[in-house]
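Trainee: no sequence for this one, just the structure:
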């Protein structure tokens with residue numbers, strides 16, 4: 001199967017990323033529980049992150065990534081304060097990139113006398129284990145969080161929140177070791193104003209409508225290990241349409257009232273999932289593949305996350321001519337989410353294999369498969385030549 005080759009390549013290029021400040025080989029995060037409140041007025045997420053960590057007995061600190069998080073306190077599982085430091089002068093510089101500053105080093109001292117706790121994560125190594133509680137809030141200018149005003153939504157009535165980690169900005173909305181090398185399981189309890197719905201790249205376990213007069217609490221569980229960039233949240237005034245046993249569509253009422261036949265997508269998506277399973281193995285993300293239609297102010301959105309796919313409203317149509325757009329998103333459930341590149345230097349592995357699998361998927365559901373494959377090969381070759389030409393021009397201008 002294709003994913004066997006992908007696993008071999010991903011492991012063979014293992015190397016610590018220079019876009020992250022930590023040494024995960026010695027102390028690492030294995031699980032995160034988020035307890036957050038969405039504050040649309042202040043444009044922040046605030047609450048607590050419980051990080052379950054494991055570390056070698058010879059190590060006395062764990063290093064996380066931080067981008068603009070206002071850390072209020074760090075304690076152990078019993079409430080004992082831990083010594084921590086956010087080094088604002090720790091600049092990660094990308095010599096030839098577009099982001100000159102990508103965060104700070106967030107170091108936490110681990111007392112030698114802390115007790116171990118049990119986690120659901122099984123490790124083949126001999127590590128100490130403990131839980132750290134970090135109380136924090138995000139910055140209103142977080143590069144990972146899109147706070148849309150009502151005017152930027154389709155209905156024009158309520159704000160909308162969407163996270164886009166852009167692969168290195170998970171650190172801008174929750175404390176973590178922000179590298180594909182450290183995959184985590186996570187849970188989240190998200191408190192939002194009444195009437196709002198919450199979507200995450202996880203299974204919706206429960207919704208408590210009676211916890212508070214003003215807030216509803218959504219509980220999510222992701223039991224498969226995912227890279228931090230795949231932890232995604234969206235909050236808005238959304239309506240729901242069930243189009244199949246596995247798939248629900250979340251959209252603003254304007255898109256619901258336009259009488260788009262979303263059920264016409266269900267057969268195509270189910271067929272694509274079956275083809276993907278025949279190529280890559282079982283679908284590991286539970287009985288769930290949801291769709292979220294984004295506000296029109298977000299015309300183009302690329303993100304890798306399990307359980308839910310985010311699509312632009314521009315691809316909606318009753319003739320299903322753009323259904324092939326889902327093939328790439330479906331392929332990322334295996335290449336990128338299930339099997340992940342070791343670090344950001346080898347991110348091309350995610351994109352290359354997801355493109356490869358995506359093309360295999362929608363070629364198999366077409367009758368004239370060979371013609372489509374030939375057409376896609378030509379597109380790929382042309383794009384590769386353009387990238388080489390563009391890279392050459394950049395080097396020659398330096």
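Mentor: On my side now, so go ahead. Keep in mind that what you see is a predicted model, and the values were worked out from it rather than measured. Residues are numbered from 1 along each chain as shown.

Trainee: Residue 239 contacts residue 254, correct?
Mentor: No - in this structure, residue 239 is not within contact of residue 254 by C-beta atoms under 8 Å, at 9.7 Å. Any C-beta I mention is one placed from the backbone N, CA and C, and that applies to glycine too.

Trainee: pLDDT score for residue 137?
Mentor: Residue 137 carries a pLDDT score of 98 in this model.

Trainee: ugh, typo on my part, it should be residue 144
Mentor: Residue 144 is assigned a pLDDT of 94 by the prediction.

Trainee: list the contacts for it?
Mentor: If you count contacts by C-beta atoms under 8 Å, 6 or more residues apart in numbering, residue 144 has them with 67, 163, 164, 165, 166, 169, 170, 172, 173.

Trainee: Please list the members of those that lie in strands.
Mentor: Counted as lying in strands by DSSP state E, out of the contacts of residue 144, are residue 163.

Trainee: Just send the contacts of residue 144 back as TSV, with pLDDT too.
Mentor: Shown next, in TSV, are those (pLDDT from 0 to 100):
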residue	pLDDT
67	93
163	96
164	91
165	90
166	81
169	92
170	95
172	95
173	97
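
Trainee: Next, format the contacts of residue 144 as TSV and append neighbour count and distance to residue 109.
Mentor: Supplementary listing: the contacts of residue 144 in TSV, determined by neighbours: other C-beta atoms under 10 Å; distance: C-beta to C-beta, whole Å:
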residue	neighbour count	distance to residue 109
67	23	21
163	25	30
164	18	33
165	24	28
166	14	30
169	23	26
170	24	23
172	24	24
173	27	24
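
Trainee: ok, so of the contacts of residue 144, who is nearest residue 306?
Mentor: residue 165 (13.5 Å; C-beta to C-beta).

Trainee: For the closest one, which non-adjacent residue is spatially closest?
Mentor: Distances taken as C-beta to C-beta, 6 or more residues apart in numbering put residue 229 closest to residue 165, at 4.3 Å, once the chain neighbours are dropped.

Trainee: and the gap between residue 277 and residue 269?
Mentor: Distance, residue 277 to residue 269, by C-beta to C-beta, to the nearest Å: 13 Å.

Trainee: Could you do residue 215 as well?
Mentor: 33 Å.

Trainee: Please identify which of the two sits among more neighbours.
Mentor: The neighbour count for residue 215 versus residue 269, taken as other C-beta atoms under 10 Å, is higher for residue 269 (21 against 16).

Trainee: Doesn't that one belong to a helix?
Mentor: Yes - remark: residue 269 belongs to a helix, assigned using DSSP: H, G, I helix; E, B strand; the rest coil.

Trainee: domain parsing for this structure?
Mentor: For the chain, the TED database gives the domain ranges 11-117+125-145+170-232, 368-396.

Trainee: For those domains, state which one has the densest average packing.
Mentor: Relative to the other members of these, domain 11-117+125-145+170-232 carries the highest mean neighbour count by mean count of other C-beta atoms under 10 Å, namely a mean of 18.
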